[in-house]
Each structure stands twice: as C-alpha cells, then as structure tokens.
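S.K.: just the structure for this:
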Amino acid sequence: MLRRCVPLLAPLLASAAAMRQVARARPIGRRVALGGLALAPASALAISGGGKDYAGATIKGQDFAGQALSNKDFSGADAVGTNFKNAKLRGARFFKSDCELADFTGADVTAASFEGTNLKDAKLTNAVAQGTAFSQTIADAGDIRGADFTDAVIQPYVQKMLCARGDAAGTNAATGADTRESLFCP
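M.R.: Model (predicted):
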C-alpha cells in the first residue's frame, strides 16, 4: 500500500518545497525569480507580504502616509478617507475595498490590484501606478494629475474616459512619465 502512495506524494512534497521558496522570491522586473527561474508576474505575489495585513479591516480615516506596505492585502477593507500619501504599496491588493476619498498622492502602487475597488473621489495625484490593475472604478477617482499609468491594466473604454478628463495631465515627479502618454491618450 505504501509503495502505491509514494508516487502520489512526490508531487505534493515537491510543491511544498517550491512554496517554501516563495518566501525567498525576489522581484526581477515584472517577474519573480524562484531558484533562478522567472515564474510569475510580481503582481501575483500581492497577497500577504509578511507582517500585518488589512483584509476586511476597518481602517477608515487612518494615516499610513510614507509607510512601507508593499505586498499587503487590503481586500475588502473599509479605507474611506485613509491617507496613503507617499506610501510604498507595490503589489498591494485592494480587491473590492472601499477607498472613497482615500489619498494616494505620490504613493507607489506599482503592480497593485484595484479590481472592484471603490475609488470615488480618491486622489491619485503623482501616484506611480505602473502595471497596476484597475477596474472601471478608476474613472471615479478625484484627481489623476501627474499619475504614471505605464503598463497599467485598464479597459479601453475606461482609458478613453480618463483621457477625456481635464486632470489627465502633468508629469509624474518620481518617474518623469507624462500622464497622457502613460494612458496612451491621442
């Protein structure tokens, strides 16, 4: 009986060993290296970056300005009016969070996930949103002046709505990218 189980357990043990290596994974551009192999986009590691995560938490009106919060999970969080000014949120996950009136001014949200996130009147002034995934709610953001959307995942009809806005202008202070160019505006 044990001899029949060993071939079945080998793939499971190999998977467990690979999962332990995730903790030692290091970003290489937009991919992650595990044992020398580039396997997954860095945004795929958005869930749990070690330390406290905020999934489902009420962080309404709290001040996270300037904090290092890369790869943290804010899924389903109530972050209404929360201050993320100049925070490092690379690879953070805001799936279905309520970020109405949140301030992401100057924040680095590279490769973050904002799918289904309420961004009504949120400030993204001078935010670095390279490779970030957005749903149509990005169109509800309060200010996108100077934001860098290079390689961001935005639906074409939403991209057109953003390009039609008067605040789709300026140059990102950190990257030097022109907001309109990063959105591929005509």
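S.K.: pLDDT weak spots in the protein?
M.R.: Filtered on pLDDT under 70, the chain yields the residue ranges 1-51.
S.K.: any idea how far the residue most central in space within the chain lies from K160?
M.R.: Among the residues of the chain, the one closest to the centroid is A112, at 0.7 Å (Cα atoms, centre = their mean). The gap separating A112 from K160 is 22 Å, by Cβ to Cβ, to the nearest Å. Every C-beta, even on glycine, is put in place using the N, C-alpha and C of the backbone.
S.K.: residues in contact with S75?
M.R.: Applying Cβ atoms under 8 Å, 6 or more residues apart in numbering to S75 gives the contacts A55, G56, R93, F94, F95, K96, S97.
S.K.: ranges for the helices of this structure?
M.R.: When assigned using DSSP state H, the helices of the chain occupy the ranges 2-22, 156-163, 179-182.
S.K.: how far does stretch 83-97 stretch from start to finish?
M.R.: 14 Å (Cα to Cα, to the nearest Å).
S.K.: same deal with stretch 158-168?
M.R.: End to end - Cα to Cα - stretch 158-168 spans 13 Å.
S.K.: which parts of that stretch are buried?
M.R.: V158, Q159, M161, L162, R165, D167, A168 (16 or more other Cβ atoms under 10 Å).
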